[in-house]
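Visitor: Sequence and predicted model, in that order:
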Amino acid sequence: MFDIRINEHNDVILSGRFDAAQVEKAKAVFDQIKETTSVDFAELDYISSAGLGILMATQKRLKDTGQKLILKKVSGHIRDVFRIARFDLIFDLE
């Protein structure tokens, strides 16, 4: 199961498994982001290359306007995925 929501601080909260089956649901939320936004990974169990692709496309679009995604509470195993993909060089991981 995957859930994506925006909290009262306009942070994006991810939970569950972010895989190819969830791309359209996630894209609908990430396409609405127009300014620097925090993405909370505390409840995320898994992210696939499709999920990474959504994050990358959003980061690229935001960078063109001087904005960015800030990834928070990234677990060790998901942080490893970012490191292996070298996405830790593209995203701010907190």
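Guide: Looks like it came in fine.
Visitor: Could I get the buried residue list for the lengthiest strand in the chain?
Guide: Under DSSP state E, the strand in the chain containing the largest number of residues is strand 37-47. By neighbour count on 16 or more other C-beta atoms under 10 Å, the buried set for strand 37-47 is 37-41, 44, 47. Quick note: C-beta positions are derived from backbone N, CA and C, even for glycine.
Visitor: Also stretch 10-19?
Guide: 12-15, 18.
Visitor: what's the distance between the most centrally placed residue in the chain and Leu44?
Guide: Note on the chain: the residue nearest the mean C-alpha position is Leu55, at 4.7 Å, using C-alpha atoms, centre = their mean. Counting by C-beta to C-beta, to the nearest Å, the gap from Leu55 to Leu44 is 11 Å.
Visitor: Next, work out how far apart the nearest residue to Gly51 once chain neighbours are set aside and Leu71 are.
Guide: Leaving aside its chain neighbours, Gly51 sits nearest to Phe18 (3.7 Å; criterion: C-beta to C-beta, 6 or more residues apart in numbering). To Leu71, Phe18 is 12 Å away according to C-beta to C-beta.
Visitor: Okay, buried residues for the host helix or strand of Arg5 please.
Guide: If you go by DSSP states H and E, Arg5 is part of strand 2-6. In terms of neighbour count (16+ other C-beta under 10 Å), strand 2-6 has its buried residues at 2, 4.
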